[in-house]
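S.K.: one predicted model, sequence on top.
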Amino acid sequence: FRGPKQHESRRTTIADATMATTSSRVGINAMLMRDFIMIVEKLLQAGA
């Protein structure tokens with residue numbers, strides 16, 4: 001894999017790394033949102 005092929009593989013690796021970091025960040029955000037919603041529900045139940 002010499003020449004242009006090497007360039008393509010490097011580009012896909014960067015894309016994969018970006019996708020991985022983005023998906024993990026989204027996963028962390030989803031976890032935080034779920035925890036936040038649980039806390040809000042507990043507060044609402046305590047207030048009601």
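M.R.: Structure received. Numbering: from 1, shown residues only.
S.K.: can you pull out the low-pLDDT segments for the protein?
M.R.: Where the chain drops to pLDDT under 70, the residues are 1-8.
S.K.: let me see the ranges of the strands in it.
M.R.: Assigned by DSSP state E, the chain shows no strands.
S.K.: please enumerate the helices of it.
M.R.: Taking DSSP state H, the helices of the chain run over residues 4-47.
S.K.: so what touches stretch 14-25?
M.R.: Applying CB atoms under 8 Å, 6 or more residues apart in numbering, stretch 14-25 turns out to have no external contacts. In short, each C-beta sits where N, CA and C put it, glycine included.
S.K.: that stretch: which residues count as buried?
M.R.: Residues of stretch 14-25 classed as buried by neighbour count (16 or more other CB atoms under 10 Å): none.
S.K.: quick one: it to chain centroid distance?
M.R.: 7 Å (CA atoms, centre = their mean, to the nearest Å).
S.K.: check stretch 28-39 too.
M.R.: Worked out by CA atoms, centre = their mean, stretch 28-39 lies 13 Å from the chain centre.
S.K.: before we move on, what about stretch 40-47?
M.R.: 28 Å.
S.K.: then stretch 23-32?
M.R.: Distance, centroid of stretch 23-32 to centroid of chain: 4 Å (CA atoms, centre = their mean).
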